[in-house]
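> Provided below for reference: sequence and predicted model.
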Amino acid sequence: MERNTLSMIHAFLRRHVQPGALCIDATAGRGRDTALLCALAGTEGRVLAFDIQQCALDQTEALLAAEGLRAELHLDSHAFMANYAAAGSVDCIVFNFGRLPGGDPQIMTRADSSVAAVKTALELLKPGGVMALAIYYGGANGYDERDALLEALRGTDARRYSVLCCDWRNRGGDPPIAVFVWRERSCANSEGGETPAMRKLQFGRSRRMNDHDS
Ligand SMILES: C[S@@+](CC[C@H](N)C(=O)[O-])C[C@H]1O[C@@H](n2cnc3c(N)ncnc32)[C@H](O)[C@@H]1O
């Protein structure tokens, strides 16, 4: 398999998305990520896909039809995805930033709405859920969106999420960055307090220590 950002992200999706999953493709484009999510989530699963361009959704729909797959396609910005799914309910979310290949070069993802969408997506993930982002930059995309996204991800609460950022050190031409996010299954709450699960664990530990003492 050719080693590139998209193949890394697809390998991650294959590893994590189970039949019956609720998934979101935040940037449908030509539909390749939507199609993979549909195939992995299966007939028991549900896939929502967003794009602000009707021509992108048309291409996604055509690809899905050709592969015998189904998704719920929404002509809307991913910044509003919370209108379509409940907080803590989504198994997997994918972003593929940039522009539609072969589409209008003026229409592309933008720093403000991309950062808002990623922050929303973090809240939509269920504990144990995952997110993958392909960040394109350089050329006409510039660097603002990449920098804003990486800064926002750096500020993510490490007790609730693990964020891995991968760039290609020895490749020229601004290859896209892959980011992988895992929402922790059990963690301290955002104020730094303990969750009931942590308290239970702690209680079990102190009981074992007391048993040992006696
Ligand atoms: C790089 S393409 C996505 C490629 C796609 N994942 C695929 O598999 O073909 C980026 C897409 O994001 C869309 N987009 C731009 N701004 C958006 C927004 N605010 N909300 C949702 N989609 C947006 C563009 O119209 C474009 O189709």
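Done, it's in.
> mind checking the SS state of Glu35?
Let me fix one detail, which is that residue 35 is Ala and not Glu. helix (DSSP: H, G, I helix; E, B strand; the rest coil).
> pretty sure it is touching Arg70, no?
No. With contacts counted by C-beta atoms under 8 Å, Ala35 stays clear of Arg70, the gap being 10.5 Å. For every residue, glycine as well, the C-beta is placed using N, CA and C.
> these two: which is more packed in?
In this view Ala35 and Arg70 are compared by other C-beta atoms under 10 Å, and Ala35 has more residues nearby, 21 against 14.
> contacts only, for the more buried one.
By C-beta atoms under 8 Å, 6 or more residues apart in numbering, the contact set of Ala35 is 60, 63-64, 67, 69.
> if we can go back for a sec, now for Ala35 and Arg70: what residues contact both?
Leu64.
> middle-most residue in this protein, spatially?
For the chain, Met131 is the residue whose C-alpha lies nearest the centre (C-alpha atoms, centre = their mean; 2.7 Å).
> ok, what's across the strand from that one?
Ile93, Val181 (DSSP bridges).
> tell me how far it lies from Gln59.
Going from Met131 to Gln59 by C-beta to C-beta, to the nearest Å gives 23 Å.
> for Gly172, same thing?
Gly172 sits at a distance of 30 Å from Gln59 (criterion: C-beta to C-beta).
> those two: which is more packed in?
Gln59 (21 against 6).
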